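S.K.: quick check, what structure comes out for this input:
(2 chains)
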There are 2 protein chains.
Amino acid sequence: MIKRRGLMLVLSSPSGAGKTSIARSLLKLDSQITMSVSATTRKRRPGEVEGQDYFFMDETAFNTRINQGFFLEYAEVFGHHYGTPLDQVNKTLQSGHDVLFDIDWQGTQQIKARARQDLVSIFILPPSTAELEKRLLKRAQDSPDVVASRMAKAADEMSHYPEYDYVIVNHDLMASVAAVQTILNAERLRIDRQSGLSDFVKHLRGSA
Amino acid sequence: MIKRRGLMLVLSSPSGAGKTSIARSLLKLDSQITMSVSATTRKRRPGEVEGQDYFFMDETAFNTRINQGFFLEYAEVFGHHYGTPLDQVNKTLQSGHDVLFDIDWQGTQQIKARARQDLVSIFILPPSTAELEKRLLKRAQDSPDVVASRMAKAADEMSHYPEYDYVIVNHDLMASVAAVQTILNAERLRIDRQSGLSDFVKHLRGSA
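M.R.: As a prediction, the model looks like this:
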């Protein structure tokens, strides 16, 4: 095997398009990719493990790290900060493993600006508006008002699909997981990710 | 299914790396891709069919067409001209089908200059110099001198691998065919090839 540099795989989608289920299946099926662990300022919930679910820190520590350029991307969601530690991602990529991100278009734009060459971005679309609404209604905890506002938000989020490398229409969970794996396996064969190629070809040519 | 624009798949490799076998298997397994038909100035051989194996024409006709920009790429091999008619390729791409090219790095550079966005280029490498030599020796018609000169030419050709999008090391024919199919299927999911996406998302958002 030729040594390779890992890649950052971003999955984005409007809420209800099935992204989380796709990510979960992918992590089970592909041993070369792991979920990125975010730093957050929100309180630790029972059962959550420091360094595995999140890196927990207070606002002051988080803001200091923003200023130090510690985060590959960060965002504020419902009053809490979330960010991806850059050095941790870099270590994973250098070891030849891939990192999965479940972030929105704004986080994707931040990564694009800082590490375009390592980024592979996929936008997941629902097969139809009716299907999207059905999936959002299934979540028992959401009131009709919340569903309506999420539908409007989904319409807005979908306008950002052209900023991504690939689009998958999620008709069927396992077909979509297979499509993500296909993209992942193809991207691993890209010349600029096969970091051991130069030595391999030098050897082939030298002894030819 | 969302309407898509076809792509041009270029396979290049030093002679003896197994490219022709890979191309043949791919054409059998994937009904969405066809071989590009070249124009040539060489004489028609028994059994060859005009418009299927080649478009046969004389030097004058070929040179006129070069000047008219008729060819996507062209080359001279052993005193004969070979070229790919641009309009024929465009028609195939517009119909949502892909076109396979078995050309060298010079032809690939010509396509890159004229139609970068439609091009997907893969360089096939032999697993080792010993294996390459073995494969070249298998071709009974080649004298040891020819093999030696081909080995030298192979070393030269391999220096062009960084000009390609992907590299596959051909350890095993069927694994390499699968890798080409993986790349092909991933590239078909690229945003800029899914020409029907804009209408699909407009519909999703409009009714959302």
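
S.K.: shaky segments in chain A?
M.R.: Chain A contains residues with pLDDT under 70 at A:139-142, A:207-208.

S.K.: so which bits of it are right by chain B?
M.R.: By Cβ under 8 Å from any Cβ of the partner chain, the residues of chain A that approach chain B are A:2, A:123, A:125-126, A:128-129, A:132, A:151-152, A:154-155, A:158-159, A:161-162, A:164-169, A:179, A:182-183, A:185-187, A:189-191, A:194, A:197, A:200-201, A:204-205, A:207-208. The C-beta positions use only the backbone N, C-alpha and C, and glycine is treated the same way.

S.K.: if you set the cut-off to 7 Å instead, what comes out?
M.R.: Within reach of chain B by Cβ under 7 Å from any Cβ of the partner chain, chain A has these residues: A:2, A:125-126, A:129, A:151, A:154-155, A:158-159, A:161-162, A:164-169, A:179, A:182-183, A:185-186, A:189-191, A:194, A:197, A:201, A:204-205, A:207-208.

S.K.: give me the nearest residue to the residue nearest in space to the middle of chain A, chain neighbours excluded.
M.R.: Residue closest to the mean C-alpha point of chain A, counted by Cα atoms, centre = their mean, is residue A:101 at 1.9 Å. Nearest residue to residue A:101, sequence neighbours excluded (Cβ to Cβ, 6 or more residues apart in numbering or on different chains): residue A:10, at 4.6 Å.

S.K.: partners of whichever strand or helix holds that neighbour, with directions?
M.R.: Residue A:10 is part of strand A:8-12 when elements are defined by DSSP states H and E. When pairs are called by DSSP bridges, strand A:8-12 turns out to pair with strand A:98-102 (parallel), strand A:119-125 (parallel).

S.K.: now do the helices in chain A.
M.R.: Assigned by DSSP state H, chain A shows helices spanning A:19-29, A:59-67, A:86-94, A:105-115, A:129-138, A:144-158, A:173-187, A:197-206.

S.K.: could you list the buried residues of the last one?
M.R.: What that stands for is helix A:197-206. Within helix A:197-206, the residues that count as buried by 16 or more other Cβ atoms under 10 Å in any protein chain shown are A:197, A:200-201, A:204-205.

S.K.: which residue is the nearest non-sequential neighbour of residue A:20?
M.R.: Nearest non-adjacent residue to residue A:20 (Cβ to Cβ, 6+ apart): residue A:102, at 6.9 Å.

S.K.: so what's the one you found up against?
M.R.: The contact partners of residue A:102, by Cβ atoms under 7 Å, 6 or more residues apart in numbering or on different chains, come to A:11, A:19-20, A:23.

S.K.: farthest-apart pair in these, please.
M.R.: Within the contacts of residue A:102, A:11 and A:20 form the most distant pair, 8.8 Å apart (Cβ to Cβ).

S.K.: okay, the two: which has more neighbours?
M.R.: Neighbours of residue A:11 and residue A:20, each counted by other Cβ atoms under 10 Å in any protein chain shown, are more numerous for residue A:11; the result is 25 against 14.

S.K.: if I pick the residue nearest to the centre of chain A, what's in contact with it?
M.R.: The contact partners of residue A:101, by Cβ under 7 Å, 6+ apart, come to A:8-10, A:36.

S.K.: on that earlier part again, is the residue nearest to residue A:101 in contact with residue A:123, as I believe?
M.R.: No: applying Cβ atoms under 7 Å as the test, residue A:10 and residue A:123 come out as separate, 9.0 Å apart.

S.K.: more crowded one of those two?
M.R.: Between residue A:10 and residue A:123, residue A:123 has the larger neighbour count (other Cβ under 10 Å), namely 28 against 25.

S.K.: ok, and the closest non-adjacent residue to the more buried one?
M.R.: residue A:164 (4.0 Å).

S.K.: now do the contacts for that neighbour.
M.R.: With Cβ under 7 Å, 6+ apart as the criterion, the residues that contact residue A:164 are A:12, A:121-123, B:191.

S.K.: same check on residue A:62?
M.R.: By Cβ under 7 Å, 6+ apart, the contact list for residue A:62 reads A:39, A:41, A:81, A:83.

S.K.: neighbours around the third one, how many?
M.R.: Right, the one you point to is residue A:81. 21.

S.K.: how much space separates it from chain B?
M.R.: For residue A:81, the distance to chain B (Cβ to the nearest Cβ, to the nearest Å) stands at 30 Å.

S.K.: got the phi/psi numbers for the nearest residue to that residue once chain neighbours are set aside?
M.R.: Closest residue in space to residue A:81, ignoring its immediate chain neighbours: residue A:41 at 4.4 Å, by Cβ to Cβ, 6+ apart. According to degrees, to the nearest 10, the main-chain angles of residue A:41 amount to phi -100, psi 0.

S.K.: how many residues are close by residue A:41?
M.R.: Neighbour count of residue A:41, defined by other Cβ under 10 Å: 19.

S.K.: and if you look at the one 3 residues further on?
M.R.: Using other Cβ under 10 Å, residue A:44 is surrounded by 12 other residues.

S.K.: who's in contact with it?
M.R.: So residue A:44 contacts residue A:56 (Cβ under 7 Å, 6+ apart).

S.K.: torsion angles phi and psi at it?
M.R.: Taking degrees, to the nearest 10, you get phi -70, psi 130 for the backbone angles of residue A:44.

S.K.: that one and residue B:61, how far apart?
M.R.: 77 Å (Cβ to Cβ, to the nearest Å).

S.K.: do residue A:175 as well
M.R.: Using Cβ to Cβ, residue A:175 is found at 48 Å from residue B:61.

S.K.: one more: residue A:37?
M.R.: 65 Å.

S.K.: what's the answer for residue A:206, then?
M.R.: Taking Cβ to Cβ, one finds residue A:206 at 45 Å from residue B:61.

S.K.: wait, what's in contact with residue A:70?
M.R.: Contact partners of residue A:70, counting by Cβ under 7 Å, 6+ apart, are A:85-86.
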